[in-house]
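# This is the structure alone, sequence omitted:
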């Protein structure tokens, strides 16, 4: 099945997400769609899958124009999408998720899960996916969840599969497995679209590459034709350096010392299991690991917002295991939370208010119980300017800022305080290259000024580029250490460790 | 306001025209109801009937204000005071005692009357209307004791206040008297006149409480139930209607509920009458004709202020002996041979 | 500061301090929508009356009565203020809860418990001068109301029990508890078998303000308490660090916790404050209006307070306006029944419609598209 | 699975939530044991007699005679055992079960104590329990249906009231069957209004519910005082009579409870069963739950989130309309101002108590109904405990349970959140 997009334009209010996009998708081919975050890749694919309706332009399937009025139409036309954020109901089983919307039924509308399971197994065997149809989604690792998404699409007998940033949450090994599946699908004659901003992946798997920037297609090429630097330049629109500039590694004294730390989740399962490590001044420690292996709980426990079930945390030699989040802030621990909208900002507050969200009680901003709003506003303006937060006024509410500016605001807040230790969880997730570069350089500045930095990221490239030392977490334990005189930070080795392989 | 008159629905349209010409009436009688509402088939309705009777007979204008909660009493009296043209303000219910007193003292020129409350000392511009309901309830208790097949009768009240418990007292004493006379052992569930404790719904408006309380008493063996809780008793009547009168009969209160609850009238053995309509009308008459004197009117069996309603449908079921015994006891109470009480 | 050598960053910082002019939509939301809402609600109320066979003539008279009964005379204004005072006080409590993200349905119970405490102090301690006794009684109401609501706050903080359920349950418990307390010999009025308390002594009564004009004017010193509390809540919310914590927790509890705010403490504090305000409303009722407690003396104030808080958009000044509106409707509604014989239950219908329209600007815009020339469509919601 | 993970490293002493809860439960149980020992076990002889059958029943069971003292000392022993066991527990397992058993034992001990030397009809009380539970259960089921698609329905109270009102009005005019259908339809209409407000006009869900409550209360009270007091025939509906089911209705105790009731009780039981089947075993139930858990996922799979929400909120409204009609057409045949009197809110509590499951909501409603009917019996028996405290007991128990257990139970993930399609 071949698909042709002609002159697709999609607007949200005054924001133009896509303008006049032309694209062709062919059976038995992997089309790589390269673009930065916010370039309009996902919007375009949502248009294609029928989730959004285009404002202009048309979609042709095998030469015939079609109109989609909802995602159901896209599915019926044989277009399936694997979203970046999985569209799986966590409390349902694999089989239930797979059949949702196209359930086999028995008498009285009853669900025929037996048939569903059989069909899941059949797809499993055809493409070598190996997923237990009766497992609950919430108990599955992300790699397997992705396969469930693929089964879901195949179950609807899709001929076109769209993958939106499919590798964002996978280990390198899982990526390898995933590519195998993609190739198998290509062999089976499916048309595949692979959306990403990761250059080397697209060079590895795509048969043809389209580059999207600011809502428009800015170029098409074959994998062999362009180098990764050239592609990056097409994607960003200006020359970029892929390296992070880093001064030599000269670690200072131990600042953070974690011993035998154990953390439980709400349901009493182990999130972090007997972990010990330390972070020094002038040092960036990266924590690598597939999402869901305890990194989030670890960061939250260090920041003082997660209950600790056992072990100790010492900061500058003082035991802070039971210290409150505020006490830790005051001691100089800053925390860039992984989910900024959920945990980092109050979206309906102004930039000024957000800027003092964790320091409003400080003498600089208040007298006794009275807030000193003039002082708050002046500082907020100062920091917003210094950290390049682009906004007309600091009285704008944060939900009017773009994701990158929100993140810069959080970074400004955390780094403008008297910080000694900076804990940054996924500091660049979902940002454009410009913002990423900016935040990376700020993190490096922090290290060079003598702070300790702890970075958690699922982007292995980012962790490797920034860190002096890398700890790998798997199932709540630290299973390997790389860099700083130990084992060299080899991407493949780290990937193996992330997947739990013994080294 | 005329819109709500129960007595003359046929005059609806005409009354509305009249209602728009407020000043056409020489005298206005105003009433504040208690929370049960004007259409409770009993207490408030009977008191309001006194006003409508006066409308028909003396040509006065009547208006009322419903209390939605106990806290409305003072505000409602105030509203009527503010409207400025009430010849007399009649408050209905014991619970309004304090509010009425306060208003009467603040407005010594306004005539007031209150149903079910007696001030001691009396207030010059208030007539308290109280009733020796226990006398009539005594007869009902005797009757119930004579009629029960299971040997158990029951009662429950709205709130544990004297105007309610006086019914239950009389009823229980009447049953006792029957037991003493006949050597029987009829028991009364739901009220202990000595301990002043019993079964109360703690409201005057929940019909389904009326049903479940009656069901509760029925489960424990009662085949005659006296609900003393205004419209709550209608729920008990619904249960009796469903079970059939061979299993459960109801004794009505305040008005003759055979007449006020025509839909389910066959369940009423009798009703304990508290003729507030007569006293209310009397008070209006006095106020109109400047006979108004603060103090107390007491309704008794002797002056027909209280009484026992006819048996209506049950007439054939009540043995003639029992009827005549009740007549005798009534006379004995009137002439003082029997004192109702412990 | 007019130093010439401003760096570009400083210049930018200076620009960032500029405030944008309030947009047209703000003005529409704050003025046009409420006015339309009240208008439409009254029209629909008239339609309901028509549907129930009330003549046009009577409908006209009832709305005139509604107006004269609420603001038409000094006596009417007195009644409006009397009715509005507890609504505003309890409404402020509910609004403070909303601001901090707690849906406090328990105001009714808090009104009851606060009122009971105020009554008990109010009839005890005879012989004290008014400037000691009255504040004591008010304080008792505040404290007990706060403690009672604090239970729900503590349960939420310590165990995660949802406040909607716990406050509903605490309401139900308080109804029974008041029934019981009113029969305790030392509280129950002597010589009565029904649940009613002793009368509050004169030295604990909120003085009436206009009884020298007409003894029936019930407006009392509680009005000043209410105005003070409106100012206090405004100050607390927007000028203090505690208010900042409340608002942040309400908008995004996770972010507030991550920012080091003590969520447990905030829950307990804000619930205690909400309860204190509701308790003050209860004290205001028994010390200023009723003079004693009887079952159900809260008369739905706590439930109406939820509406008042919603209508006032949880802003202290908004709550004041909404409370006055509801008070006016209540006082006027009574007059409506006296003058036109229209049941004052109609007011309930009108109130609910006003809230519906104010809560759904989209709906009002749909009904009156010509009232909104500012392009609503261009706003990305 | 979670437990296994801890068990593998059991040499460490971990501060787990289960253990904390187990300890708290242990303390509660031991306190209950103390209360039982100091109060309920202090009876001087006397048997408690529970009547299980009415004399008219086909198979008459003998009265249940319980020697009060010994029985309650056994209760003390059971409570102490459970308490100590939970306190010492190393795994923290079985906390809920132990608490459940503990409360049941406590209630039994209380009943025996209150009845010592007296007698009452246990069957009658249980039958009243079911009757009292119906509107609460229907309110709870309505809540389950709408919250399963992530719409919080605070307006259940108002919808119950609208059902009661419509049942009385239409039932009076056109007979009880038409009245019942009308009540269901009007309930559905208010469900539709709620759905329109929250789904289409994106009004805050709580505000929309409050508006419905206020509106229905105002409208029904207005009509009842403005119209019903004048035209009494409009408020006099025929009541559905109890229908005894052959054979089943003759079973002692169970028969009167469940099989000698009117169609409302049968209807409620059938609806709970049907809703359970529907939600958990059918295709459309799966759709509904997916909308409540992850509306975006459902949307991408071609399930119309808005339509599903409309349908289920309307269904919930219809169920609540049915439950409301019970008050008028099933009990007293007459509408009265605010006659639901907070049952809708208790229904919401029952829903949470019952963990968003139809059967759970029914069970919780039965507990509330039991407490209600128990209180009436106790007032007749004249126990030394003031009836007000008895009336409070279920509410206090609810708080304890919600604080202790439901804190951990999971509501539909998207509950209360509007879904905005781009």
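Looks like it came in fine. Just so it is clear, the model here is predicted, and its values are computed rather than measured.
# so residue D:213 makes contact with residue D:154?
Yes: Residue D:213 is within contact range of residue D:154, at 7.0 Å (criterion: CB atoms under 8 Å). Where C-beta positions appear, they are placed from N, C-alpha and C, glycine not excepted.
# Just the buried residues of stretch D:103-118, please?
Residues of stretch D:103-118 classed as buried by neighbour count (16 or more other CB atoms under 10 Å in any protein chain shown): D:103, D:105-116.
# Flag the shaky bits of the stretch 1-150 of chain D, pLDDT-wise.
Along the stretch 1-150 of chain D, the model assigns pLDDT under 70 to residues D:1-15, D:45, D:55-56.
# residue ranges for the strands of the stretch 101-250 of chain D, please.
Listed in chain order, the strands of the stretch 101-250 of chain D (DSSP state E, counting those that start in this stretch) span residues D:119-121, D:243-244.
# If you could redo that for chain B, that was the one I meant.
Counting by DSSP state E, residue ranges of the strands within chain B are B:28-32, B:61-65, B:88-92, B:111-115, B:126-131, B:152-157, B:187-189, B:191-192, B:197-198, B:224-228, B:249-254, B:268-274, B:295-299, B:306-308.
# Format those strands as CSV; extra columns: mean pLDDT.
Converted to CSV, these look like this (pLDDT from 0 to 100):
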stretch, mean pLDDT
strand B:28-32, 91
strand B:61-65, 86
strand B:88-92, 92
strand B:111-115, 93
strand B:126-131, 92
strand B:152-157, 94
strand B:187-189, 93
strand B:191-192, 90
strand B:197-198, 84
strand B:224-228, 95
strand B:249-254, 93
strand B:268-274, 93
strand B:295-299, 88
strand B:306-308, 92
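# Turn the ones you listed into TSV, including distance to residue C:193 and mean neighbour count.
Formatted as TSV, the entries for the strands of chain B read as follows, by distance: least, CB to CB, whole Å; neighbours: other CB atoms under 10 Å in any protein chain shown:
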stretch	distance to residue C:193	mean neighbour count
strand B:28-32	23	26
strand B:61-65	27	24
strand B:88-92	20	29
strand B:111-115	18	27
strand B:126-131	15	24
strand B:152-157	11	28
strand B:187-189	18	21
strand B:191-192	13	18
strand B:197-198	10	20
strand B:224-228	14	32
strand B:249-254	18	28
strand B:268-274	19	28
strand B:295-299	20	17
strand B:306-308	20	23
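# Kindly reformat the ones you listed as TSV and extend each row with distance to residue D:320.
Compiled in TSV, the strands of chain B are given as follows (distance: least, CB to CB, whole Å):
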stretch	distance to residue D:320
strand B:28-32	35
strand B:61-65	33
strand B:88-92	35
strand B:111-115	39
strand B:126-131	43
strand B:152-157	30
strand B:187-189	35
strand B:191-192	37
strand B:197-198	35
strand B:224-228	29
strand B:249-254	31
strand B:268-274	34
strand B:295-299	46
strand B:306-308	44
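# Residue B:279 contacts residue B:129, doesn't it?
Yes: counting by CB under 8 Å, a contact exists between residue B:279 and residue B:129, whose distance comes to 4.6 Å.
# so what sits against both of those two?
Common neighbours of residue B:279 and residue B:129 (criterion: CB atoms under 8 Å, 6 or more residues apart in numbering or on different chains): B:115, B:297, B:299.
# okay if I get those residues as JSON lines plus distance to residue D:262?
Rendered in JSON lines, the data for the shared contacts of residue B:279 and residue B:129 read as follows (distance: CB to CB, whole Å):
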{"residue": "B:115", "distance to residue D:262": "38"}
{"residue": "B:297", "distance to residue D:262": "46"}
{"residue": "B:299", "distance to residue D:262": "41"}
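# Grab the nearest non-local neighbour of residue B:249.
Sequence neighbours aside, residue B:269 is the residue nearest to residue B:249 in space, at 4.4 Å (criterion: CB to CB, 6 or more residues apart in numbering or on different chains).
# coming back round to it: among the buried residues of stretch D:103-118, name the ones in helices.
Secondary-structure check on the buried residues of stretch D:103-118 using DSSP state H: residues within helices are D:103, D:105, D:106, D:107, D:108, D:109, D:110, D:111, D:112, D:113, D:114, D:115.
# Counting neighbours, what do you get for the residue of the stretch 301-422 of chain D found nearest chain A?
The minimum distance from the stretch 301-422 of chain D to chain A, using CB to the nearest CB, falls at residue D:302 (2.8 Å). By other CB atoms under 10 Å in any protein chain shown, 19 other residues sit near residue D:302.
# what about the spatially most central residue of chain D, which SS state?
Taking CA atoms, centre = their mean as the criterion, residue D:365 is the residue nearest the geometric centre of chain D, at 1.7 Å. Assigned with DSSP: H, G, I helix; E, B strand; the rest coil, residue D:365 falls in the helix class.
# Show me the helices in the stretch 101-250 of chain C, by range?
Counting by DSSP state H, counting those that start in this stretch, the segments of the stretch 101-250 of chain C that form helices are C:107-123, C:130-159, C:163-181, C:222-239, C:241-251.
# Setting aside sequence neighbours, what's the nearest residue to residue B:247?
Using CB to CB, 6+ apart and skipping residues adjacent in sequence, the residue nearest residue B:247 is residue B:223, 6.4 Å away.
# do residue B:99 as well
Closest residue to residue B:99 in three dimensions, ignoring its sequence neighbours and counting by CB to CB, 6+ apart: residue B:73, at 3.8 Å.
# any idea what sits nearest the residue of the stretch 201-350 of chain A found nearest chain C, other than its immediate chain neighbours?
Sorted by distance to chain C under CB to the nearest CB, the residues of the stretch 201-350 of chain A start with residue A:326, at 3.4 Å. The shortest distance from residue A:326 to any non-neighbouring residue, by CB to CB, 6+ apart, is to residue C:260 (3.4 Å).
# residues contacting that neighbour?
If a contact means CB under 8 Å, 6+ apart, then residue C:260 has A:304, A:324, A:325, A:326, A:327, A:328, A:329, A:358 as its contacts.
# so how far is residue A:166 from the closest residue to residue A:127 other than its chain neighbours?
Nearest-residue entry for residue A:127: residue A:184, 5.3 Å, with adjacent residues in sequence omitted and distances by CB to CB, 6+ apart. Per CB to CB, to the nearest Å, residue A:184 is found 15 Å from residue A:166.
# So between those two, which is more surrounded?
Neighbour totals were compared for residue A:184 and residue A:166, and residue A:166 leads with 25 against 14 (other CB under 10 Å).
# ok, stretch A:275-288 near chain D or not?
No: with CB under 8 Å from any CB of the partner chain as the threshold, stretch A:275-288 lies outside contact range of chain D, at a closest distance of 12.5 Å.
# Quick one: end-to-end length of that stretch, please.
When the termini of stretch A:275-288 are compared using CA to CA, to the nearest Å, they are 14 Å apart.
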